[in-house]
Structures are given as C-alpha cells and as structure tokens.
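# everything below, folded, please.
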Amino acid sequence: MNTPRTKVRLSRALGIPLTPKSVRYVERRPYPPGEHGRKRRSTSDYKTRLLEKQRLRAQYDISETQLRAAFDRAKRAGGKTGEALIQDLESRLDATVLRAGFARTIYQARQFVVHQHVLVNGRRVDRPSYRLRPGDFVQIAQRSRTLEPFVVAAAGAHATPPAYLEVRLADLVARVERTPSRDEVPVVCEEQLVVEHYSR
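Here you go, the predicted model:
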C-alpha cells in the first residue's frame, strides 16, 4: 500500500511531485532518496527511457500491464503514438474525476470510483480504468455529496478544470466535451521516450 511516506520517496526518485504534500519535499531535496541520492549517476539511454515510463505510470497510478495495453491501443490509433497514449490515459474515469476537480490526487480519485461515489451517464461505475468518450457525463452520486471531501471539492478547492471538460463544480457534474490536446494535459512526461521504450 502507498503511504504518504512512500509517495514522497517515489516522488523524489522520479523527480516529480505525485501529491500536493510531496511538492515541498521534492523542492527541498531534488535528488533521489537514500545514501547515494546526491551522487551524480551516469545515465544510459535505456535508463532515461525507463525513468520516463515510470514517471508516466506513477502519475496515473497504473500497473505496467495497464500502461502497455494503453500503448498498444495508441499505436493502433494512427497519428502520433505519444499523443494518442496520453489521450488514452486521460480518458480513464479516475483521471477525469481528478481533472474535473472532484479529487485532490489521482489516488483519491481512484478511491472515489472504487467506493462507488461516481456515476457515468447516471449509472454507477466502480472501475477506475473505465474509458470515457466525448459527450459522457460524470457526476458524484447524490448520497455522497454531503461527505467532507466532496463539500471541499464543490467549493473549488482543487485544480481549475481544463477546457476539454465542461464542469459545474457546485453540482459536482462534468461533461467530456472533446479529446484533449497534449498541451492541455498537465502530465510531466516526454512521451516520445515512452514510445521508444516500448518500440525497442
């Protein structure tokens, strides 16, 4: 299980804050944890590509199998595989719950979905990996809205929703307007390196 401490360690290892709490730790100690963290290490091309893949996985909190499946779908989609990969991952229900501002972190978004607080087009969905399409509605179930995390979210405490989502925060309802462009997705990743990693 990922505790706050392990998330901070992972954030430092990957060089990106994975939770709001880990931001100050990464800024204060911008090097990997452990005895040899400060030492400069030689980096091979393979290691650079591997690190980028791990960064992408961590930001969506998905398994290697899930990322590989997303890559295979992106490759079949035609066009730029890297951009298609990010778009595929952004279409996940947990990612949409996060971007809409209903959750503070991807971990919390996943928990909300698994605990059946989230409806898609009026039906309860408990799979974080559920893929959304333009036109789909995502909302927090009526009975869940009085819970503190959702009261906080409805007040606009989290990130400003991106343009590809139409969000009514006060009602905790979001509509997927369209597929996002890469520059609208706040993921720290050189996705071409991930494509190269899987294509080798």
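
# select the helix or strand of the protein having the lowest average pLDDT value.
helix 22-28 (a mean of 56; mean pLDDT, DSSP states H and E).

# following element in sequence after that helix, please.
Using DSSP states H and E, the next helix or strand after helix 22-28 towards the C-terminus is helix 45-60.

# quick check: which helices or strands does the helix or strand following that following helix pack against?
Next along the chain after helix 45-60, taking DSSP H and E as the criterion, comes helix 64-77. On a contact count with 3 or more CB pairs under 8 Å, 6 or more residues apart in numbering; DSSP states H and E, helix 64-77 meets helix 45-60, helix 81-90, helix 191-199. (Glycine included, C-beta is placed from N, CA and C.)

# Arg145: which of those is closest?
Minimum separation from Arg145 across the helices and strands packed on helix 64-77 (CB to CB) falls at helix 81-90, 24.8 Å.

# relative to helix 64-77, how tilted is the closest one?
For helix 81-90 against helix 64-77, the angle by axes from the mean of the first three to the mean of the last three CA atoms, to 10 degrees is 120 degrees.

# now helix 81-90 - C-alpha only, CSV.
The C-alpha trace of helix 81-90 is given here as CSV (Å, rounded to 0.1, in the frame of the first residue of the first chain):
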residue,chain,number,x,y,z
THR,A,81,1.6,7.4,-30.8
GLY,A,82,2.8,9.5,-27.9
GLU,A,83,0.0,12.0,-28.0
ALA,A,84,-2.6,9.2,-28.5
LEU,A,85,-1.1,7.4,-25.5
ILE,A,86,-1.7,10.5,-23.3
GLN,A,87,-5.2,10.9,-24.7
ASP,A,88,-6.0,7.3,-23.9
LEU,A,89,-4.8,7.6,-20.3
GLU,A,90,-6.7,10.9,-19.9
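
# so how far is Gly82 from the residue positioned nearest the centre of the chain?
Taking CA atoms, centre = their mean, the centroid of the chain lies closest to Tyr60, which sits 3.4 Å from it. Distance of Tyr60 to Gly82, given as CB to CB, to the nearest Å: 15 Å.

# Gln119: how many residues sit nearby?
Not Gln; residue 119 is Leu. As a burial measure, Leu119 scores 18 neighbours (other CB atoms under 10 Å).

# which SS class is it?
Of the three states, Leu119 takes strand under DSSP: H, G, I helix; E, B strand; the rest coil.

# contacting residues for it?
125, 137-141 (CB atoms under 8 Å, 6 or more residues apart in numbering).

# so which of those is the closest to Leu193?
Nearest to Leu193 among those is Val138, at 30.8 Å by CB to CB.
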